[in-house]
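# Next one to model:
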Amino acid sequence: MNEDLKTGFDQWQRKALGVGVLFLFISMLGAYRDLTGFLRSYLVAYVFWLTLALGCSGVLMLHHLVGGNWGFLIRRILEAATRTFPLLAVLFVPLLVTLPRLYVWARPGEVASLDLPPFKRAYLNTPFFVGRAVVYFAAWLLLAYLLNKRSAEQDATGGSEITGRLQFLSGPGLLVYGFTITYAAIDWVMSLDPGFFSTIYGMIFMVLPAITALALAVIVVMKLAPYAPIAGRIAPGHFNDYGNLLLTFVMLWAYLSFSQFLIIWAGNLQDEIPWYVTRASGTWGGVALFLVLFHWAIPFLLLLSRDVKRKMRMLAGVSIGLLIMEWVDLYWIIAPSFFPKAPHLTWTDGLVPIGLGGLWVSWFVWQLKQRPLLPLRDPRFEEVPSLGS
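Numbering: from 1, shown residues only. As a prediction, the model looks like this:
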C-alpha cells in the first residue's frame, strides 16, 4: 500500500471516529432527556448500518458462487464490511437491555391485552428473543470468519482448490444468510407491530442490504480510484456491471414491496391491512409516494441508461441517493409503529445515524487497510481488463 493511500486511510478513519463519538455523545444528551425517543432513533439507525454489513456478506457469497470479473474491484470492500460484525454485535446490546421501551410484547403488564395467536405468544418473549439474536450474530460472525480466512489463504498460496472451497461455502452460506435475515427482520422490526404478518417481509429485507452493499462498493471504489492499485485497473465495464446489479435489486425491491401490498390489500387480510392503512394515510402516505418516486422510479430510469452506469461519478451519485432512500424506507417501515398519525422527526433521528455511522465507517476503514486492496492470487482474475478496455 502506497504512503498516500495509507495516509488517506488514517485520516478517514480518524475523522469518522471523531464524528461518530461526537454525534453519539450529543445524542446521549437526548437519551438523558427522552430515553425512549433516543432508542427509537437508535433502532432505525442500527438497522440501516447493519444492512450494509449483511448486504456485503450476501453479495460477497453471491460473487464466490457465480464468479464474474465484477467482483475484482469490490471484493476487498465487501470483505472489510463483513469484518464489522463484532462492532455491530456490541452496538446491539443497548437494544437488548431496553426491549420493553420499544416492543409492546416485552412489557409484562401489556402483553396479556394483545390479541395474539398462541404461536406468537410463545415466540415473542424476551429470553427466546435474546437467544435467537445470539444465534443470528454467531452465524454472521462465523460466515465472515470463514470467508475472510479462505480469502487470506488464497492470497498466500493461490490455487483453484481454494476458489472451490469459497464456492462450496457460499452456497449453504447464502441459505443461512436468507434464514437469519428473515428471522432477524421479523424479530427486530416486524414485531414492533405484533399483529402484523407477511411471508414476503423477510425477502424484502434480503434485497435492501444488497442495494446498500452495492451502493457502498461503488462509492468506495470512486474514493479509491486515484490510488494504486485501483488506479489503472478500473474499466467502464466494471461500473456497467454494478449498475446492472443495482438496477436488478431496485426492480426486485419494487416487485416484492408491491406484491406484499397487493396480496394483503386485495386479500382483505384484516390483521395486516392496518399496517398499510397507517403507512398510506396522511403524511405517511406522502412518504410512501416519495419512496415510489426516489427509491424506484427515478433510480430505475437512471440505471436504464448505459452512460450513467459506465460513468463512475454518475453511478456514485445514484448510489448516494439510494443509500439515503434506504434510510427513508427503514424509517417509513419502523417509525409508524411509534407515531401512527404522522412522522415525528427529532434531532436524534439525524444525529444517531451519523454517530453510529462514524463508528461503523471508522471500523470499516480500519479493516479495509489491513489487506491488499485487490485479490492477489485468485485465478478468476488473471485477465481482468484495465482502464480504457
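# residue nearest the centroid of the chain?
Centroid check for the chain by CA atoms, centre = their mean gives Thr51 as the closest residue, at 1.7 Å.
# Quick one: residues contacting it.
Counting by CB atoms under 8 Å, 6 or more residues apart in numbering, Thr51 touches Phe205, Leu208, Pro209, Thr212, Glu326, Leu330. C-beta coordinates here come from the backbone N, C-alpha and C atoms, glycine included.
# Point me to the helix or strand that includes it.
Here Thr51, judged by DSSP states H and E, is contained in helix 35-66.
# average pLDDT across the helix or strand just after that helix?
Sequence order places helix 75-82 as the next helix or strand after helix 35-66, per DSSP H and E. Rounded to a whole number, the mean pLDDT of helix 75-82 is 96.
# for helix 75-82, packing partners?
Packing partners of helix 75-82 (3 or more CB pairs under 8 Å, 6 or more residues apart in numbering; DSSP states H and E): helix 35-66, helix 126-157, helix 201-224, helix 347-368.
# Please report how far the closest residue to Asp271 other than its chain neighbours lies from Thr36.
Of all residues beyond its chain neighbours, the one nearest Asp271 is Gly195 (5.3 Å), with distances taken as CB to CB, 6 or more residues apart in numbering. To Thr36, Gly195 is 21 Å away according to CB to CB, to the nearest Å.
# for the stretch 201-350 of the chain, which spans come out with low pLDDT?
Along the stretch 201-350 of the chain, no part satisfies pLDDT under 70.
# give me that answer again for 90
With pLDDT under 90 as the threshold, the stretch 201-350 of the chain has low-confidence stretches at 226-237, 264-273, 345.
# residues contacting Arg107?
If a contact means CB under 8 Å, 6+ apart, then Arg107 has Pro100 as its contacts.
# how about the helices in the stretch 201-350 of the chain?
201-224, 236-266, 273-279, 282-291, 298-304, 306-310, 312-334, 347-368 (DSSP state H, counting those that start in this stretch).
# now for the helix or strand containing Ile162, which elements pack on it?
Element membership for Ile162 (DSSP H and E) is helix 160-188. Under the contact criterion of 3+ CB pairs under 8 Å, 6+ apart, the helices and strands touching helix 160-188 comprise helix 35-66, helix 126-157, helix 201-224.
# Pull the shortest one out as PDB, backbone CA atoms only.
Meaning helix 201-224. What follows is helix 201-224 as a C-alpha-only set of coordinates in PDB (Å, rounded to 0.1, in the frame of the first residue of the first chain):
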ATOM      1  CA  TYR A 201     -41.300  -9.400   4.700                       C
ATOM      2  CA  GLY A 202     -38.000 -11.300   5.000                       C
ATOM      3  CA  MET A 203     -37.400 -11.300   1.300                       C
ATOM      4  CA  ILE A 204     -37.700  -7.500   1.200                       C
ATOM      5  CA  PHE A 205     -35.100  -7.400   4.000                       C
ATOM      6  CA  MET A 206     -32.800  -9.600   1.900                       C
ATOM      7  CA  VAL A 207     -32.900  -7.200  -1.000                       C
ATOM      8  CA  LEU A 208     -32.500  -4.000   0.900                       C
ATOM      9  CA  PRO A 209     -29.000  -5.000   2.200                       C
ATOM     10  CA  ALA A 210     -27.900  -5.900  -1.400                       C
ATOM     11  CA  ILE A 211     -28.800  -2.400  -2.600                       C
ATOM     12  CA  THR A 212     -26.900  -0.800   0.300                       C
ATOM     13  CA  ALA A 213     -23.900  -3.100  -0.200                       C
ATOM     14  CA  LEU A 214     -23.500  -2.300  -3.900                       C
ATOM     15  CA  ALA A 215     -24.100   1.400  -3.400                       C
ATOM     16  CA  LEU A 216     -21.300   1.400  -0.700                       C
ATOM     17  CA  ALA A 217     -19.000  -0.500  -3.000                       C
ATOM     18  CA  VAL A 218     -19.400   2.000  -5.900                       C
ATOM     19  CA  ILE A 219     -18.800   4.900  -3.600                       C
ATOM     20  CA  VAL A 220     -15.700   3.400  -2.000                       C
ATOM     21  CA  VAL A 221     -14.300   2.500  -5.400                       C
ATOM     22  CA  MET A 222     -14.800   6.100  -6.600                       C
ATOM     23  CA  LYS A 223     -12.900   7.300  -3.500                       C
ATOM     24  CA  LEU A 224     -10.000   4.800  -4.100                       C
END
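# Distance from the chain centre to it, please.
6 Å (CA atoms, centre = their mean, to the nearest Å).
# which residues touch the nearest residue to Arg306 once chain neighbours are set aside?
Beyond its immediate neighbours in the sequence, the residue positioned closest to Arg306 (CB to CB, 6+ apart) is Asn240, lying 6.9 Å away. When contacts are counted by CB under 8 Å, 6+ apart, Asn240 touches Arg306, Lys309, Arg310.
# same question, Leu166
By CB under 8 Å, 6+ apart, the contact set of Leu166 is His64, Leu147, Arg150, Ser151, Gln154.
# Mind picking the lowest-pLDDT entry from those?
Taking pLDDT as the measure, the contacts of Leu166 have their low point at Gln154 (89).
# in terms of contact, does it touch Ile162 like I think?
Yes. Taking contact to mean CB atoms under 8 Å, the distance of 4.3 Å between Gln154 and Ile162 places them in contact.
# Neighbours of the nearest residue to Met325 once chain neighbours are set aside, how many?
The shortest distance from Met325 to any non-neighbouring residue, by CB to CB, 6+ apart, is to His295 (4.2 Å). His295 has 23 neighbours, counted by other CB atoms under 10 Å.
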